[in-house]
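A.B. asks: Structure, please.
(one chain, ligands or ions: 2)
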Amino acid sequence: MNAIDKISETDRYARCVETSKRLRWDIEKDVIRGRRFDTTHKFLPDGLSLADAFTTLSADEKRFVSQIQGRTYANVFGLVERFINAKVLELSHDHWFGDQVALEALVRFSDEELKHQALFRRIDKMVSDLLPDGYRFDIDPNSVARAVLGKSTWAVLALTLDIELFTQLHYRQSIDPDAELSELFKDVFLYHWREESQHAILDELELVRHDAGLTAEERDRAVNEFIELVAAVDGILQAQAKADASYFMATCGRTVDEAEAGAIEAAFLKAYRWQYIHSGAQHPHFGKVLSGLITENQGQRIQSALATLQ
Ligand SMILES: [Fe+2]
Ligand SMILES: [Fe+2]
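C.D. replies: Ligands and ions are numbered 1, 2, ... in the order given. Reported below is the predicted structural model:
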């Protein structure tokens, strides 16, 4: 690495610190502001909930589905942020006796993820006071984090970059333009997105820095581990699609026959795979960063693995 690269890298960490300080927000004072959710508004936009895939449901039922999916959206972020934060704290070790600006950027990153998890717990509680009883989200964030952190740093950072980039894409492409969304739900993800923008820059800096120290064999193994992590994410999505479909059918107020039940569960899974796997995999910047690090063959292995999750 030459002197110019080094300066620009420190400068990128410094800009993240500066932006993080400028945009810093408070859960109650800035986001919630004494507001409540109500059942007349959608929580997730049609572009994310894939409302059109729920072909047998009425407009009111589709709105209920968007509220269930919105609650799950908050819970999934709360889940992934547990391992993201642990990995960020671990990576900060590399900067303890080095670039103090980079260290500050990662400490702020970690602090923000702790706050986001508190925000998503708050949202889950507020929605639970509004929607019928019986909703389940039984995936334990600590067990998932332990399993994820058993994979190589390269694989975890690649997954984290993917997640933190799609958060921004979801907000800009779907959440912001939808006029029928709950204003409170929209604000939760506006404020979240503002801090995630810095996280995605830091993920990329850390991934590229870490990648530079790997051998070709280590990177090749890491690509396999990244594919394993995506498959593990899919396992979580399958379980939650089943849970959310069962909750919808138990509380929608009418009888659903077996064929329709299968279609509803399939639509939930399609929406969750879109939200947490395919929208990120298709993110142009994610593709650009990854293709700068891996071979064409490794890229194809990732693409073939993703193609099986349809
Ligand atoms: Fe976050
Ligand atoms: Fe983040």
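
A.B. asks: need the contact list for the residue in the chain that ligand 2 sits nearest to.
C.D. replies: With C-beta to the ion as the measure, His199 is the residue of the chain nearest to ligand 2, at 3.5 Å. Bear in mind the C-beta positions are built from the backbone N, C-alpha and C, glycine included. Neighbour list for His199: 84, 109, 112-113, 164 [criterion: C-beta atoms under 8 Å, 6 or more residues apart in numbering].

A.B. asks: what do you get if the cut-off is 7 Å, keeping everything else the same?
C.D. replies: Contacts for His199 (C-beta atoms under 7 Å, 6 or more residues apart in numbering) come out as 109, 164.

A.B. asks: Look at it and report its pLDDT.
C.D. replies: Looking at His199, its pLDDT is 97.

A.B. asks: next one: Gln282
C.D. replies: 87.

A.B. asks: Go through the strand or helix carrying Ala243 and flag the buried ones.
C.D. replies: In the assignment (DSSP states H and E), Ala243 maps to helix 216-251. Buried positions in helix 216-251, judged by neighbour count with 16 or more other C-beta atoms under 10 Å: 219, 221-227, 229-230, 233-234, 236-238, 240-241, 243-248.

A.B. asks: So the residue of the chain closest to ligand 2, which state does it fall into?
C.D. replies: Reducing the assignment at His199 to three states with DSSP: H, G, I helix; E, B strand; the rest coil gives helix.

A.B. asks: what about it, distance to Glu61?
C.D. replies: In this view, His199 and Glu61 are 35 Å apart by C-beta to C-beta, to the nearest Å.

A.B. asks: if we can go back for a sec, same for the helix holding Ala243, what does it pack against?
C.D. replies: The contact analysis (3 or more C-beta pairs under 7 Å, 6 or more residues apart in numbering; DSSP states H and E) places helix 216-251 against helix 59-92, helix 153-170, helix 258-273, helix 296-307.

A.B. asks: what's the helix or strand for the closest residue in space to Arg12 that isn't next to it in sequence?
C.D. replies: Spatially, and ignoring its direct neighbours in sequence, Arg12 is nearest to Leu205 (6.0 Å; C-beta to C-beta, 6 or more residues apart in numbering). Secondary structure from DSSP H and E places Leu205 in helix 183-211.

A.B. asks: relative to helix 216-251, how tilted is that helix?
C.D. replies: 160 degrees (axes from the mean of the first three to the mean of the last three C-alpha atoms, to 10 degrees).

A.B. asks: how about stretch 51-70: buried residues?
C.D. replies: 51, 53-54, 57, 61-70.

A.B. asks: now do stretch 293-310
C.D. replies: For stretch 293-310, using 16+ other C-beta under 10 Å, the buried residues are 293-294, 298, 301-302, 305-306, 309.

A.B. asks: And for stretch 139-148?
C.D. replies: 141, 144-145, 148.

A.B. asks: contacts for that stretch?
C.D. replies: 78-79, 82-83, 86, 156, 229, 232, 236, 239.

A.B. asks: show me where pLDDT drops low in the stretch 201-310 of the chain?
C.D. replies: Within the stretch 201-310 of the chain, no stretch has pLDDT under 70.

A.B. asks: Looking at the buried residues of stretch 51-70, spot the one nearest Asp30.
C.D. replies: Gly70 (19.7 Å; C-beta to C-beta).

A.B. asks: How about the closest one, nearest residue that isn't a chain neighbour?
C.D. replies: Phe43 (2.6 Å).

A.B. asks: from what I can see that neighbour touches Gln67, true?
C.D. replies: Yes. If you go by C-beta atoms under 7 Å, Phe43 and Gln67 touch, sitting 4.8 Å apart.

A.B. asks: how about the helices of the stretch 1-150 of the chain, start to end?
C.D. replies: All helices of the stretch 1-150 of the chain, identified by DSSP state H, counting those that start in this stretch, fall at 3-23, 46-49, 59-92, 100-128, 141-148.

A.B. asks: Next, format those as a markdown table and append mean pLDDT and distance to Thr39.
C.D. replies: Output for the helices of the stretch 1-150 of the chain, formatted as a markdown table (pLDDT from 0 to 100; distance: least, C-beta to C-beta, whole Å):
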| stretch | mean pLDDT | distance to Thr39 |
| --- | --- | --- |
| helix 3-23 | 86 | 31 |
| helix 46-49 | 94 | 15 |
| helix 59-92 | 97 | 7 |
| helix 100-128 | 97 | 10 |
| helix 141-148 | 96 | 27 |
